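Student: for reference, the sequence and a predicted model appear below.
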Amino acid sequence: MTTQAATFELEMTRFIRAPREKVFDAFTDEAAMSVWHCPRGLHVGEVSSDVRVGGRYRITMVTRDGVVHGVGGVYQAIDRPEYLAYTWAWDGEGDAAARTTLIEVTLTEKDGGTQLHMRHTGFPDAAVRDDHNQGWTSVFNHLEDYLDPEGSARTIVIVGSPISTYVRTVCIALAEKGVAYTLKPAKPHSPEVDAIHAFGRIPAMYDGPLQFYETRAILRYIDEAFDGPSFLPANGVTARARAEQWYSVLDDYGYDAIVKRCVLPYLFPASADGKPDRAVIDAALPDIDRVLATLDAAYGKRDFLVGNAPCLADYLAAPLMHSLSQVPEGPALLARYPNVQRGLAVMQARPSFLSADMERDAGKVVPLRKVSVA
Ligand SMILES: N[C@@H](CCC(=O)N[C@@H](CS)C(=O)NCC(=O)O)C(=O)O
């Protein structure tokens, strides 16, 4: 993908694993357009398309809050399945001609699929062009999901080891949304991870050409980009802040005490005799206890950390508590906190938790696989 700053044009290419005719029709067929023709996180409202030179089309894209963005134009050239040109003007006040840009789509057969090249010209300035670059990237992720036989498992790729609690949190979150993805096993600081993550940690994520890292940011993206249950409580600012509070407690104090200072010394003993470092683990135990006591009070009689549905803090808590339960000190520590235990058991029973099975995957090279949870 290249942008040409000087002329305020945008050129994008995307390989789509579908025949040219299907890709072409996706651009002109009303039913197809109504599925994919908007960025992630929005949906298509109305679509009309009079597919002949001089004919008009119109699409509305609607945000979750109901804000409608309308766009339309006139077909300039139609040469199925190779080339399509049409004008593009967002609804707005004032001179329509000044708002009108031109789109040219060229489709070429390549590697059993289609190379899509889009040239979008006539932007008034770099900022508008850059907005369209971002928008089209997301729209083409939708297009790829729609046309590729593997759907979103092709565009959404999680990079990281399945034994990582953070990786597992993201996998749980995707499964809760019902989003198919591919898990690409990679260790921290490996070339695959370093290619995306400035600090070499896992997880990292692709959505098509878009790259993300840091679990909280990845969760934010997944939550806003996909339909399905929200990762934050719907009922008020206090509940949402509380969910963030418990996420942060787990992310900071929880991960440090449980994983860094207790689980990892067992998994990767640093001492010369190959035994877990007792002093490190013993020093972690009071801090783990403090985290558990805090969370136990937070659960109270409920099954989830906030309200009556899981939120992003529960997605982080479950893999952390699960990994604690696997070390020798874990069961006795957890036994003192029945609310934490109940919260873990409730999450462990959910299909989203079962779809990313840590024991099954531990130490194995996990083949690329599609995970979708109904
Ligand atoms: N702040 C990061 C933390 C991720 C993290 O620490 N992941 C661990 C694996 S669970 C890791 O990559 N550790 C390697 C290291 O610490 O160098 C996030 O939220 O994604």
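Tutor: That came in fine, so what should we check first?
Student: pull the number of nearby residues for the nearest residue to residue 184 once chain neighbours are set aside.
Tutor: Sequence neighbours aside, residue 159 is the residue nearest to residue 184 in space, at 4.9 Å (criterion: CB to CB, 6 or more residues apart in numbering). Backbone N, C-alpha and C define where each C-beta goes, glycine included. The number of residues packed near residue 159 is 23, by other CB atoms under 10 Å.
Student: now do the buried residues in the helix or strand containing residue 34.
Tutor: Residue 34 is part of helix 30-36, with elements assigned from DSSP states H and E. By 16 or more other CB atoms under 10 Å, the buried positions in helix 30-36 come out as 30, 32, 33, 35, 36.
Student: same question for stretch 263-282.
Tutor: So, applying 16+ other CB under 10 Å, buried residues of stretch 263-282: 263, 264, 265, 266, 276, 281.
Student: list the contacts of the residue nearest to the spatial centre of the chain.
Tutor: For the chain, residue 222 is the residue whose C-alpha lies nearest the centre (CA atoms, centre = their mean; 3.6 Å). Residue 222 makes contact with 170, 173, 174, 177, 179, 231 under the criterion CB atoms under 8 Å, 6 or more residues apart in numbering.
Student: tell me which two of those sit farthest apart.
Tutor: 179 and 231 (12.3 Å; CB to CB).
Student: pLDDT averaged over stretch 316-323 - what is it?
Tutor: Over the span of stretch 316-323, the pLDDT mean works out to 96.
Student: is it up against the ligand anywhere?
Tutor: No. Using CB under 6 Å from any ligand atom, stretch 316-323 never reaches the ligand; the gap is at least 8.9 Å.
Student: kindly report the same for stretch 185-192.
Tutor: Yes. Contact between stretch 185-192 and the ligand, assessed by CB under 6 Å from any ligand atom, occurs at residue 188.
Student: can you put the buried residues of stretch 263-282 in CSV and add distance to residue 137, pLDDT and secondary structure?
Tutor: Shown next, in CSV, are the buried residues of stretch 263-282 (distance: CB to CB, whole Å; pLDDT from 0 to 100; DSSP: H, G, I helix; E, B strand; the rest coil):
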residue, distance to residue 137, pLDDT, secondary structure
263, 38, 95, helix
264, 37, 95, helix
265, 42, 94, helix
266, 42, 93, helix
276, 46, 92, coil
281, 46, 97, helix
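Student: any chance of the residues you listed in JSON lines, plus distance to residue 61?
Tutor: As requested, the buried residues of stretch 263-282 are exported to JSON lines (distance: CB to CB, whole Å):
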{"residue": "263", "distance to residue 61": "45"}
{"residue": "264", "distance to residue 61": "46"}
{"residue": "265", "distance to residue 61": "51"}
{"residue": "266", "distance to residue 61": "50"}
{"residue": "276", "distance to residue 61": "54"}
{"residue": "281", "distance to residue 61": "53"}
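Student: closest one of these to residue 42?
Tutor: residue 263 (40.5 Å).
Student: I'd assumed residue 326 was in contact with the closest one.
Tutor: Yes. Counting by CB atoms under 8 Å, residue 263 touches residue 326, with 7.4 Å between them.
Student: tell me which other helices or strands the helix holding residue 34 touches.
Tutor: helix 20-28, strand 43-49, helix 126-147 (3 or more CB pairs under 8 Å, 6 or more residues apart in numbering; DSSP states H and E).
Student: and the last one, what's buried?
Tutor: Okay, so that is helix 126-147. Those buried within helix 126-147 under the rule 16+ other CB under 10 Å are 128-129, 132-133, 135-147.
Student: what lies in contact with the helix or strand following it?
Tutor: Later in the chain than helix 126-147, the nearest helix or strand by DSSP H and E is helix 152-155. The contact list for helix 152-155 (CB under 8 Å, 6+ apart) reads 17, 141, 144-145, 148, 179-182, 206-208, 370-372.
Student: check what pLDDT residue 304 gets.
Tutor: pLDDT, read off for residue 304, is 98.
Student: what residues are up against the residue in the stretch 1-150 of the chain positioned nearest to the ligand?
Tutor: Using CB to the nearest ligand atom, residue 40 is the residue of the stretch 1-150 of the chain that sits closest to the ligand, at 20.8 Å. Residues near residue 40 by CB under 8 Å, 6+ apart: 138, 141, 142, 207, 224, 225, 226.
Student: go on, residue 250?
Tutor: Contact partners of residue 250, counting by CB under 8 Å, 6+ apart, are 291, 295, 313, 316, 317, 320.
Student: now render those as a markdown table, adding secondary structure and distance to residue 191.
Tutor: Compiled in a markdown table, the contacts of residue 250 are given as follows (DSSP: H, G, I helix; E, B strand; the rest coil; distance: CB to CB, whole Å):
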| residue | secondary structure | distance to residue 191 |
| --- | --- | --- |
| 291 | helix | 34 |
| 295 | helix | 37 |
| 313 | helix | 33 |
| 316 | helix | 27 |
| 317 | helix | 32 |
| 320 | helix | 28 |
